[in-house]
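Undergrad: mind folding the following:
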Amino acid sequence: MVSARALRYDRPAEAHDDRPDHVRAASGLAVHSGQLVIVQDDASFFAVLGDDGVGALKLPRGLQGRRRFEVALGNKLDKLDLESAVTIGDELWAFGSGSLPIREKICRVHQSIPRVIDAAPFYARMREALGSALNIEGAACVRDRLWLFHRGNTGLADVGPAVIVVPVDGLRAWLEGRGGMPPIEDVDSYDLGAVGGRALGFTDAVAFADRVLYVATAEATANAIDDGAILGSQLGVIGRDGVRAAPLAGPDGEAVKAEGLALDPARPGHAWIALDPDDPDQPATLLDVELTGPW
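TA: Below is the predicted model:
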């Protein structure tokens with residue numbers, strides 16, 4: 001671990017935009033147009049980390065005009081729950097978790113303009129292929145295929161962590177009204193182990209050469225909607241020879257909830273990992289990690 005920083009915007013909180021002064025609930029990372037983009041699952045902003053600091057890209061307002069969603073405001077269930085992001089060509093795509101109907105959305109960003117698309121039929125097809133409730137928390141573009149990572153924490157009937165594979169061009173054509181629903185080409189199940197008696201589940205991923213790096217976490221909750229005690233996280237790699245993983249702890253060795261992962265294109269062997277404190281009043285943490293060993 002090279003460094004850790006609390007993610008705070010360069011500008012003070014702005015009440016008229018419903019934006020706090022810090023990045024909340026960091027849930028996904030992606031490098032887009034040379035900048036690190038941080039997705040938040042309970043705030044309708046993308047944080048953008050550039051050379052000049054941390055800026056904010058506003059997303060459309062939600063119900064009652066809000067951009068913040070939390071238990072204290074009584075609107076937690078109104079959030080888009082964007083949990084993952086991936087760069088596709090010159091666009092950034094962010095995916096809702098699919099754990100509720102309002103979360104069956106895909107946000108496409110082109111030239112800093114976000115557009116939220118209702119993707120309920122696509123989520124229904126993924127849910128049918130998976131055979132259980134759905135909670136998409138990671139996305140990785142592997143050549144011409146999109147891997148969507150189901151966390152596997154929706155309840156007792158959940159099939160467990162899984163990867164749903166769809167063709168990128170097919171999904172793009174459907175989103176743009178140029179083609180039919182893209183096929184689900186594969187569903188691969190994974191056993192990532194457990195921490196404190198709770199199964200680890202995927203929370204983000206990124207493609208790397210012929211491999212995919214991922215982060216996973218375990219928390220004491222019975223479903224994909226309610227937060228629970230954070231038990232621990234894992235950093236792993238999916239390769240042709242299977243899965244290899246190592247425990248992931250915080251700067252002081254504490255249990256953390258790792259929610260985002262991206263590689264730094266300017267520094268081979270370095271990755272960013274976002275930690276979610278599960279507290280809307282606390283900023284998310286961004287780790288700079290050097291990957292040593294056979295990643």
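Undergrad: and for the longest helix seen in the chain, what's in contact with it?
TA: Longest helix in the chain, counting residues (DSSP state H): helix 120-130. Helix 120-130 is touched from outside by 96, 98, 101, 104, 106, 133-134, 136, 148, 150, 159, 162, 164, 171, 174, 181-182, 184, 187, with contacts defined as C-beta atoms under 8 Å, 6 or more residues apart in numbering. Glycine gets a C-beta too; all of them are placed from N, C-alpha and C.
Undergrad: which residues of the protein score low on pLDDT?
TA: Residues of the chain that meet the criterion pLDDT under 70 lie in 224.
Undergrad: can you do 80?
TA: In the predicted model, the chain carries pLDDT under 80 at residues 52, 222-226, 294-295.
Undergrad: how about the longest helix of the chain as PDB, C-alpha atoms only?
TA: Listed in PDB are the C-alpha atoms of helix 120-130, where the atom choice follows Å, rounded to 0.1, in the frame of the first residue of the first chain:
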ATOM      1  CA  ALA A 120     -35.200  -3.000 -17.000                       C
ATOM      2  CA  PRO A 121     -35.600  -5.600 -19.800                       C
ATOM      3  CA  PHE A 122     -31.900  -6.300 -19.900                       C
ATOM      4  CA  TYR A 123     -31.800  -6.700 -16.100                       C
ATOM      5  CA  ALA A 124     -34.700  -9.100 -16.300                       C
ATOM      6  CA  ARG A 125     -32.800 -11.200 -18.800                       C
ATOM      7  CA  MET A 126     -29.700 -11.200 -16.600                       C
ATOM      8  CA  ARG A 127     -31.900 -12.200 -13.600                       C
ATOM      9  CA  GLU A 128     -33.500 -15.000 -15.600                       C
ATOM     10  CA  ALA A 129     -30.100 -16.300 -16.700                       C
ATOM     11  CA  LEU A 130     -28.600 -16.100 -13.200                       C
END
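Undergrad: check which element follows it along the chain.
TA: Toward the C-terminal end, the helix or strand that comes next after helix 120-130 (DSSP states H and E) is strand 136-142.
Undergrad: direction included, what does whichever helix or strand comes after that next one pair up with?
TA: Scanning forward in sequence from strand 136-142, with DSSP H and E defining helices and strands, the next element found is strand 145-150. Its sheet considered, strand 145-150 pairs with strand 136-142 (antiparallel), strand 162-167 (antiparallel) by DSSP bridges.
Undergrad: need the contact partners of the last one.
TA: Pointing back at strand 162-167 there. With C-beta under 8 Å, 6+ apart as the contact definition, strand 162-167 has outside contacts at 126, 129-130, 136, 144-150, 152, 182-190, 202, 238.
Undergrad: hang on, the earlier thing: out of the strands paired with strand 145-150, which comes closest to Ser233?
TA: Smallest distance to Ser233 across these (C-beta to C-beta): 12.4 Å, for strand 136-142.
Undergrad: and among the strands paired with strand 145-150, the most buried is which?
TA: With neighbours defined by mean count of other C-beta atoms under 10 Å, none of the strands paired with strand 145-150 is more surrounded on average than strand 136-142, at a mean of 25.
Undergrad: go through the longest helix of the chain and flag the buried ones.
TA: Buried residues in helix 120-130, defined by neighbour count with 16 or more other C-beta atoms under 10 Å: 122-123, 125-127, 129-130.
Undergrad: make sure Arg68 is actually in contact with Ala43.
TA: Yes: judged on C-beta atoms under 8 Å, Arg68 makes contact with Ala43 at a distance of 5.4 Å.
Undergrad: between the two, which contacts overlap?
TA: Among the neighbours of Arg68, those also in contact with Ala43 (C-beta under 8 Å, 6+ apart) are 19-20, 24.
Undergrad: just give me the residue right at the centre of this protein.
TA: Ser84 (2.7 Å; C-alpha atoms, centre = their mean).
Undergrad: partners of it in the sheet?
TA: According to DSSP bridges, Phe95 are recorded as the beta-bridge partners of Ser84.
Undergrad: swap in Ala246?
TA: Legend: beta-bridge partners of Ala246 under DSSP bridges are Leu235.
Undergrad: now do it against Ala207, distance only.
TA: Relative to Ala207, Ala246 is positioned 19 Å away (C-beta to C-beta, to the nearest Å).
Undergrad: who's more crowded, those two?
TA: When Ala246 is set against Ala207 and neighbours are counted by other C-beta atoms under 10 Å, the residue ahead is Ala207, at 19 against 10.
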